[in-house]
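>>> Below is the structure, and that's it, no one-letter string:
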């Protein structure tokens, strides 16, 4: 089967957003490169510099609808100046499995581990291990937005809670919540590949009896004690009435997929129902979390 590759040249300030957008649209891998001929000096510790004009390349499965992909990218980036989009078809290769060559087991917080392909892992008896194969869905733990969510879950184990994973991708957050003691998870996504990947990963982790995955159009909105939503900021804002309404009184909302300069707008969209705590940040991305107050008579 052939594969589809997209190339977007954008200003470096937009590269992280485009990277996340490609992953949300189903990219199997995303790479960043120099779109011109700009030398890159040795960065200082902790820095991750980008080229002024950055080329963001996404790899997609060959059965991806090119017209729909182009329309989605053009629509999401219509207001970004100076961008250019190229789409090409590549000859067959096992790209879907190539990520395993680079993805080693990772620990988030004190005891939550994500490992690919059942790799050997020597950890203590209290470790919570998620065996993961993202398939064609977004979510491996390598992106800062997912890492922020996993670290939050490790620090706030949802023992005994009902959880909604809205925009579940690979199911990584919902499954991690179950491994950390959640009672039940409703995993919701508009992408059928994400629903499939979530179900398969739930089976792989022996939690399928406590996780239900479905298309968001078929999901019957029911409030839960913890709602996780790791999706793009513009979608979080657009769906604020729905997502905010899914948080039960006294419950917790965790939002990610937000660039630092988008945090204020997302906060404003939810602040009428959520009392937010100080945000968590990593590599220019932000996680917002807070509680819905208990209703009073």
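Great, that's in hand. Bear in mind the structure is a predicted one, so any value in this text is a computation, not a measurement.

>>> Figure out the helix or strand that residue 148 lives in.
helix 144-155 (DSSP states H and E).

>>> Secondary structure class of the spatially closest residue to residue 22 that is not a sequence neighbour, three-state.
Distance criterion Cβ to Cβ, 6 or more residues apart in numbering; nearest residue to residue 22, sequence neighbours excluded, is residue 58 at 3.7 Å. For the C-beta atoms, the positions are set from N, CA and C on the backbone; glycine is no exception. Assigned with DSSP: H, G, I helix; E, B strand; the rest coil, residue 58 falls in the strand class.

>>> Tell me, how many residues neighbour residue 58?
If you count neighbours by other Cβ atoms under 10 Å, residue 58 ends up with 24.

>>> For it, name its beta-bridge partners.
Using DSSP bridges, the beta-bridge partners of residue 58 come out as residue 6, residue 30.

>>> What score does it have for pLDDT?
At residue 58 the predicted local confidence, pLDDT, stands at 88.

>>> That one contacts residue 32, correct?
No. With contact defined as Cβ atoms under 8 Å, residue 58 does not reach residue 32; the gap is 10.6 Å.

>>> about what we covered before: how far does the helix holding residue 148 sit from its chain's centre?
10 Å (Cα atoms, centre = their mean, to the nearest Å).

>>> switch to numbering from 40
Shifting the count to begin at 40 puts that one at helix 183-194.

>>> Contacts only, for residue 166.
150, 151, 152, 160 (Cβ atoms under 8 Å, 6 or more residues apart in numbering).

>>> Can you list which of those residues are found in strands?
151, 152 (DSSP state E).

>>> Residue 184 contacts residue 296, correct?
Yes. If you go by Cβ under 8 Å, residue 184 and residue 296 touch, sitting 4.8 Å apart.

>>> sorry, back to before: could you give the mean pLDDT of whichever helix or strand comes after the helix holding residue 187?
On the C-terminal side of helix 183-194, the nearest following helix or strand under DSSP H and E is strand 201-205. Averaged over strand 201-205, pLDDT sits at 97.

>>> Parallel or antiparallel, list what pairs with strand 201-205.
Going by DSSP bridges, the partners of strand 201-205 are strand 223-228 (parallel), strand 263-269 (parallel).
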